[in-house]
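Enquirer: I'll drop the sequence and a predicted model, then ask my questions.
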Amino acid sequence: MPPAPTLTALAPMEPCSDYDVVRRALEHLTTRFRDQPSTEEVAAAVGLSPSHFNHVFRRWCGLSPKAFLQAVTLDRARGLLRREDANLLDAAYELGLSGPARLHDLFVTHEAMSPGAFKTGGAGLDIRWGVAPSPFGLAVLAATDRGLCGLGFADDEAGVPDARDDLAGRWPAARMIRDDAHVAPYAALAFDPALWSSDRPLRLVLIGADFQVEVWRALLSIPLGRATTYGRLAEELGRPKAARAVGAAVGRNPISFVVPCHRVVGATGALTGYHWGLTRKRAMLGWETAGAGG
DNA sequence: AATTCGGGCTAGG
DNA sequence: CCTAGCCCGAATT
């Protein structure tokens, strides 16, 4: 029996501590965006010198804070909502795997849970869960023997129980087993899409009602660095009037980030909401657009 | 621009 | 049944 992994082992890793700075900066900017705070003011607000703040930020997403802000400060994501994306579902399969905006999602395999297992709330199902650092705070991951079935977030260690309960509540009858080592490889793949390949697929298990799984599968076809709206998704699913229902289903996405629910915004470009916090959605969209060179 | 309002659809209790 | 939800568009300040 190996010793239980501890969170202190994660502390020295960069992504989490960087995200803490980024998160506080984004929160400050969001509440004060009307004042157009300068980079210096934001640095002061998070308790760092301007140059240190700049350095941490660049390490986090490769972009200066100022450039990053233009993308997400005002909670408008219009730049990601290109007209030619109007029918992403078709476009995704036509484009295949080539092109600058690589459709990494097609490397992900997914399968719906059998109806029986879903109806019983996961009775008889063993789910291993654990914590790993990520660019967006502490990631809380859950996996069955078929693949990754849950991914949530916590700002710090104190938030881990809530995130765990949030995931566990989706399969109330399943047995939850703490196993950080077991989920570590999933975390490594999930947050480094460059590693995704057909040789090493990231296996996903989507557990939900039919309509929800349909919506989550559709999310997988939204390319990195792009976005769509709840209404567009509804149309693609052949239910043009179901935008709100789509929103509800998107909000229940159990494998956040990997199933990119953060790439869905309101029809006006407003970010609307996010189950794991709007700040985190801002961070993800900015991080991705920066990485996509766009 | 920024709010308000009613219509709309689905999952879950 | 009922209610709530990561909505949307038009109408109204």
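Expert: Yep, it's here.

Enquirer: Name the SS class of the closest residue to DNA strand B within chain A, please.
Expert: Going by CB to the nearest atom of the strand, DNA strand B is nearest to A:F211 of chain A, at 2.5 Å. Placement of C-beta: from N, CA and C, glycine included. Under DSSP: H, G, I helix; E, B strand; the rest coil, A:F211 falls in the helix class.

Enquirer: go on, the one 10 residues further on?
Expert: The three-state label for A:S221, taken from three-state DSSP, comes out as coil.

Enquirer: Can you show me the helices along the stretch 151-294 of chain A?
Expert: Listed in chain order, the helices found in the stretch 151-294 of chain A under DSSP state H, counting those that start in this stretch are A:160-168, A:180-190, A:210-219, A:230-236, A:243-251, A:278-291.

Enquirer: Mean neighbour count and mean pLDDT for these - can I get that in JSON lines?
Expert: Formatted as JSON lines, the helices of the stretch 151-294 of chain A follow (neighbours: other CB atoms under 10 Å; pLDDT from 0 to 100):
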{"stretch": "helix A:160-168", "mean neighbour count": "17", "mean pLDDT": "94"}
{"stretch": "helix A:180-190", "mean neighbour count": "18", "mean pLDDT": "95"}
{"stretch": "helix A:210-219", "mean neighbour count": "20", "mean pLDDT": "91"}
{"stretch": "helix A:230-236", "mean neighbour count": "21", "mean pLDDT": "94"}
{"stretch": "helix A:243-251", "mean neighbour count": "19", "mean pLDDT": "96"}
{"stretch": "helix A:278-291", "mean neighbour count": "22", "mean pLDDT": "84"}
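
Enquirer: mind checking which of those is nearest A:L29?
Expert: With CB to CB as the measure, helix A:278-291 is the member of the helices of the stretch 151-294 of chain A nearest A:L29 (8.8 Å).

Enquirer: How far off centre is that closest one?
Expert: Put simply, helix A:278-291 sits 9 Å off its chain's centre (CA atoms, centre = their mean, to the nearest Å).

Enquirer: just stretch A:161-168 next, same as before
Expert: 16 Å.
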